[in-house]
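Novice: Here is a sequence with its predicted model. Questions after.
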Amino acid sequence: EEFGGQIIHPQQWPEDLDCAGMKIVIIGSGATAVTLLPALADLGADVTMLQRTPSYIGPLPEKDVISAVWRRLLPAPWGHRVARLNHGARDTAQFVIAQRLPWLFKAALRAMQRRYLPAEEIDRHFTPPYRPWDQRVCKAPDGDIFRAMRRGAARVVTGHIETFTESGIRLTSGEELEADIVITATGLKLQMLGG
């Protein structure tokens, strides 16, 4: 009740939202939050992603190279089928490596992230206390979340919420995050047939 700004859940996104120049705090660290942070930064907002626990985030190519290669080599219906099989095999291999050789998977992710961020920032905000694929690994197309952070348009804060204040959110550490808008990217409600 104290908070003087706007609280938005991603499933009730206002179509006329103008976020240029706004201070926005996104609560959450899953795929929705990881997608919103760079998109809002590109629209001119000052964005902070507030997470309780870090997530694994892989800066991977935006373009689907596997499908493009198979579409060139095979006729359309076959190229699509083979690409799906190729994606499935790749994803299964990544999962097996993440579970059986977590140190290797973590090292590969860290090497990709180091192209964008210093080691201290990765340690603080992108090194979860669990093994890769114990929870979903998020994809950052062409490292968009890391690029937004590197240019100073966005940041990630790891901490616990103590309370909302009139001007934002106070963490248990005492740090206060100012916000005009708070986005609660803390889960979606499944809607039958898309609502």
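Specialist: Sure, I can see it.

Novice: What pLDDT is listed against Pro14?
Specialist: Pro14 is assigned a pLDDT of 90 by the prediction.

Novice: got it, and His80?
Specialist: For His80, pLDDT reads 89.

Novice: Which SSE is immediately downstream of the helix or strand hosting it?
Specialist: Assessed by DSSP states H and E, His80 sits inside helix 76-100. From helix 76-100 onward toward the C-terminus, using DSSP H and E, the following helix or strand is helix 102-113.

Novice: Helix 76-100 and that next one, what's the angle between them?
Specialist: Following axes from the mean of the first three to the mean of the last three C-alpha atoms, to 10 degrees, one obtains 120 degrees for the angle between helix 102-113 and helix 76-100.

Novice: list the buried ones in helix 102-113?
Specialist: 105-106, 108-110, 112-113 (16 or more other C-beta atoms under 10 Å). Any C-beta I mention is one placed from the backbone N, CA and C, and that applies to glycine too.

Novice: will you turn the residues you listed into CSV that also has distance to Gln12 and pLDDT?
Specialist: Shown next, in CSV, are the buried residues of helix 102-113 (distance: C-beta to C-beta, whole Å; pLDDT from 0 to 100):
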residue, distance to Gln12, pLDDT
Phe105, 36, 95
Lys106, 36, 95
Ala108, 37, 95
Leu109, 33, 95
Arg110, 36, 96
Met112, 34, 95
Gln113, 32, 96
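
Novice: Quickly name whichever of these is closest to Lys23.
Specialist: Nearest to Lys23 among these: Gln113, at 25.6 Å, using C-beta to C-beta.

Novice: The residue nearest to the closest one when sequence neighbours are not counted and Val47: what is the separation?
Specialist: Closest residue to Gln113 apart from its sequence neighbours, by C-beta to C-beta, 6 or more residues apart in numbering: Ile122 at 5.2 Å. Counting by C-beta to C-beta, to the nearest Å, the gap from Ile122 to Val47 is 19 Å.

Novice: Between these two, tell me which one has more neighbours.
Specialist: Val47 (30 against 18; other C-beta atoms under 10 Å).

Novice: So what sits opposite that one in the bridge?
Specialist: Val47 has the following beta-bridge partners by DSSP bridges: Ile24, Ala154.

Novice: Sweet, I'm off.
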